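K.L.:
Make a model of this:
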Amino acid sequence: MPMSAKRSYFAFLLFMMTCLPSCSLLHAEDAEIRDLLVTNNATHVLLYARVTNCFTKEIEAAILAGVPTTFTFVVDLFEERPRWFDKRLVRLTVQHTIKYDNVKKLFTVSSDGEKEPASFQDYESAKRAMTDLNGVPVALLTTLKKGESYYVQVKAKLDKVRLPLHMEYIFFFVSLWDFETDWYREGFYY
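P.N.:
Numbering: from 1, shown residues only. Model prediction:
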């Protein structure tokens, strides 16, 4: 290998070693699920939760630049079975997507199951709509057995940011914006 190629390779490695630690600060490692509540109405088990510490300055800048951003919530309902493996009854995914229209100065947040996206003039309200699960129906009460213990597990993740024209291959560091929370669990007795 010629000496100039070795220097270029060494310079590239040195650049990567200095760049990656600072890029890792972009990662929303402190994101967590809070205010997890499992309740029911007359027909369904309902879930309430919210994600905190999930918007870094870089993610906010991407949203304000008009890049659609999606949070995916994964919800599992388990039946506790002593002396045996717990039985998963339901796996549910809920996606919230935020888009900003720079011309109209309007945020829209769409969610699975809703026909019309919600519109917001201010960013804080749009962020709350992105991070909150408000009464999501998890399962029909008829699928549960009386006198049994159950629990719901929830985690949230930011789906991979998709830049227009496949620019995520050029700006490789956008993958560092992705995050995933730990599983959070809330038990209940039916």
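
K.L.:
quick one: pLDDT of the residue nearest to the spatial centre of the chain?
P.N.:
Centroid-nearest residue in the chain: Lys157, 2.8 Å away (criterion: Cα atoms, centre = their mean). Here, the pLDDT recorded for Lys157 equals 91.

K.L.:
ok, now His166?
P.N.:
For His166, pLDDT reads 51.

K.L.:
Equivalent analysis for Met130, please.
P.N.:
pLDDT recorded at Met130 is 93.

K.L.:
Could you do the one 4 residues further on as well?
P.N.:
The predicted structure scores Asn134 at 92 on the pLDDT scale.

K.L.:
cool, the one 5 residues further on as well?
P.N.:
In this model, Ala139 is scored at 95, pLDDT.

K.L.:
Quickly list what it is bridged to.
P.N.:
On the basis of DSSP bridges, Ala139 is bridged to Val45.

K.L.:
remind me which residues of this protein are low pLDDT?
P.N.:
Within the chain, the segments meeting pLDDT under 70 span 1-29, 113, 160-178.

K.L.:
For Phe73, grab the count of nearby residues.
P.N.:
23 (other Cβ atoms under 10 Å). Bear in mind the C-beta positions are built from the backbone N, C-alpha and C, glycine included.

K.L.:
And for it, nearest residue in space, chain neighbours not counted?
P.N.:
Once flanking residues are discounted, Phe73 sits nearest to Val94: 4.4 Å by Cβ to Cβ, 6 or more residues apart in numbering.

K.L.:
need the contact list for that neighbour.
P.N.:
Val94 is in contact with 72-73, 75, 111-113, 133, 136, counting by Cβ atoms under 8 Å, 6 or more residues apart in numbering.

K.L.:
if I look at it, how far off is Ala49?
P.N.:
According to Cβ to Cβ, to the nearest Å, Val94 and Ala49 sit 10 Å apart.

K.L.:
Thr142 now?
P.N.:
From Thr142 over to Ala49 the distance is 24 Å, taken as Cβ to Cβ.

K.L.:
Same question for Val103.
P.N.:
34 Å.

K.L.:
cool, and Phe55?
P.N.:
Distance of Phe55 to Ala49, computed by Cβ to Cβ: 17 Å.

K.L.:
re earlier: between Thr142 and Ala49, point out the one with more neighbours.
P.N.:
Taking neighbours as other Cβ under 10 Å, Thr142 and Ala49 compare with Ala49 leading, 22 against 7.

K.L.:
Can you name the element that comes right after the strand ranked longest in the chain?
P.N.:
When the chain is parsed with DSSP state E, its longest strand is strand 87-101. Of the helices and strands lying after strand 87-101 in sequence (DSSP states H and E), the nearest is strand 106-111.

K.L.:
Report the strands that pair with the helix or strand just after that next one, each with its relative direction.
P.N.:
Per DSSP H and E, strand 106-111 leads on to strand 118-120 as the next helix or strand towards the C-terminus. Within its sheet, and counting by DSSP bridges, strand 118-120 is paired with strand 106-111 (antiparallel).
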